[in-house]
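>>> Predicted model follows, preceded by the sequence.
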Amino acid sequence: MLFLLNNLYCLLGITVIFGSRNGVLSLVFNLSLERAILWHQYLAWLTLAAAINHWMNSDSNGSGYIMIGVIAAFIVFSLKPIRRYLWELFMKVHWLLILILLAASIIHGVIIGVIGIAYYFLDLAYRY
């Protein structure tokens, strides 16, 4: 677990993996959607904390600023009142931020974070 906390990129990828719904992860580990989403939320907070730590201990980089801003926006738009009462806004903003984070991850060189997105598309293909 300490390795994950120290490695922001793995945290980002695992956060995305737990955000997938009813896919391979659920099948292999017998994980319900509610439990996976709960882990997705916890890991998102850990990813934000690790991103802030990474930001404070590294040189300035524009794509890194974009990534930390996007991760913070994910958290803000995922707060319970917004998620519960403005579901459509939550989902549309979530998808927009996913695309921005994917582009910023590639620019920043976070290949393992992109692997999480690849898992999502593999999961999507598995469901169809």
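Good, I have the coordinates. What you see is a predicted model, and the numbers here were worked out from it, not measured in a lab. Residues are numbered from 1 along each chain as shown.
>>> For this protein, give me the ranges with low pLDDT.
Scanning the chain for pLDDT under 70 picks out 1-9, 22-26, 60, 112-113.
>>> mind listing the helices for it?
2-6, 8-18, 24-29, 33-56, 62-77, 80-85, 87-108, 111-127 (DSSP state H).
>>> From the contact counts, what lies against the fourth one?
Which is helix 33-56. On a contact count with 3 or more Cβ pairs under 8 Å, 6 or more residues apart in numbering; DSSP states H and E, helix 33-56 meets helix 2-6, helix 8-18, helix 24-29, helix 62-77. Where C-beta positions appear, they are placed from N, C-alpha and C, glycine not excepted.
>>> need the helices of the chain in a markdown table with mean neighbour count, can you?
What follows is these, written out as a markdown table (neighbours: other Cβ atoms under 10 Å):
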| stretch | mean neighbour count |
| --- | --- |
| helix 2-6 | 11 |
| helix 8-18 | 23 |
| helix 24-29 | 13 |
| helix 33-56 | 16 |
| helix 62-77 | 16 |
| helix 80-85 | 10 |
| helix 87-108 | 15 |
| helix 111-127 | 16 |
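>>> that older thread, include distance to residue 90 when you put the helices and strands packed on helix 33-56 into JSON lines, please.
JSON lines is the format used below for the helices and strands packed on helix 33-56 (distance: least, Cβ to Cβ, whole Å):
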{"stretch": "helix 2-6", "distance to residue 90": "26"}
{"stretch": "helix 8-18", "distance to residue 90": "16"}
{"stretch": "helix 24-29", "distance to residue 90": "22"}
{"stretch": "helix 62-77", "distance to residue 90": "6"}
